[in-house]
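[1] sequence and predicted structure below; questions after.
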Amino acid sequence: MRQKPIDEYIVDFYCSKLKLVIEIDGESHDGKFEKDMIRQQKLESLGLTVLRFNDLDVKRDMGNVLMAIEGWIKENNPLTHNGDNPLTHNGDNPLPHNGDNPLPHNGDNPLTPFSKGE
């Protein structure tokens, strides 16, 4: 995964095997929600899924960000249902973690990706 031009946009991270775009929204996105949603709808119209995360969550709570991404992969990728990990390459796991739950959940998940219409 890495930055990639898609259509008229450059996405933050892209995984072609999963058709997954991960966007990290920082201060440069403040006040641009409508523009970001138009961009997201265009990417989704190309058959891609867009997961969005706030840059502060990435910096301060990477464990939960990775768990959210892994959860999406497990729920949405048929390859994971047979035990295969489509993201592994030569046995390396691109989503490393120590197996511990980094933070307890309180019911509110700020890492939930935006869906269409939000």
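    Sure thing, it's come through. Numbering: from 1, shown residues only.
[2] what ranges do the strands span in the chain?
    Per DSSP state E, the chain carries strands over the ranges 2-6, 9-15, 20-25, 49-54.
[3] remind me what the third one packs against, helices and strands.
    Under the contact criterion of 3 or more C-beta pairs under 8 Å, 6 or more residues apart in numbering; DSSP states H and E, the helices and strands touching strand 20-25 comprise strand 9-15, helix 33-45, strand 49-54, helix 55-60, helix 62-76. C-beta here means a position set from N, CA and C on the backbone, and glycine is covered the same way.
[4] can you check the last one too?
    Under the contact criterion of 3+ C-beta pairs under 8 Å, 6+ apart, the helices and strands touching strand 49-54 comprise strand 20-25, helix 33-45, helix 62-76.
[5] residues contacting Phe13?
    Phe13 is in contact with Met1, Arg2, Gln3, Val21, Ile22, Glu23, Ile24, counting by C-beta atoms under 8 Å, 6 or more residues apart in numbering.
[6] wait, the last one touches Val58, no?
    Yes: in terms of C-beta atoms under 8 Å, Ile24 counts as a neighbour of Val58; the distance is 5.6 Å.
[7] quick check: closest non-adjacent residue to Lys4.
    In space, and not counting its chain neighbours, Lys4 is closest to Tyr14: 4.1 Å by C-beta to C-beta, 6 or more residues apart in numbering.
[8] so that neighbour bridges to which residues?
    Residues in a beta bridge with Tyr14, per DSSP bridges, are Arg2, Val21.
[9] tell me the pLDDT of it.
    Listed pLDDT for Tyr14 reads 95.
[10] which ones are touching it?
    Here Tyr14 is in contact with Met1, Arg2, Gln3, Lys4, Ile6, Leu20, Val21, Ile22 (C-beta under 8 Å, 6+ apart).
[11] which one of the residues you listed sits in the busiest neighbourhood?
    Val21 (24 neighbours; other C-beta atoms under 10 Å).
[12] ok, that residue to Lys32 distance?
    Val21 is 17 Å from Lys32, where distance means C-beta to C-beta, to the nearest Å.
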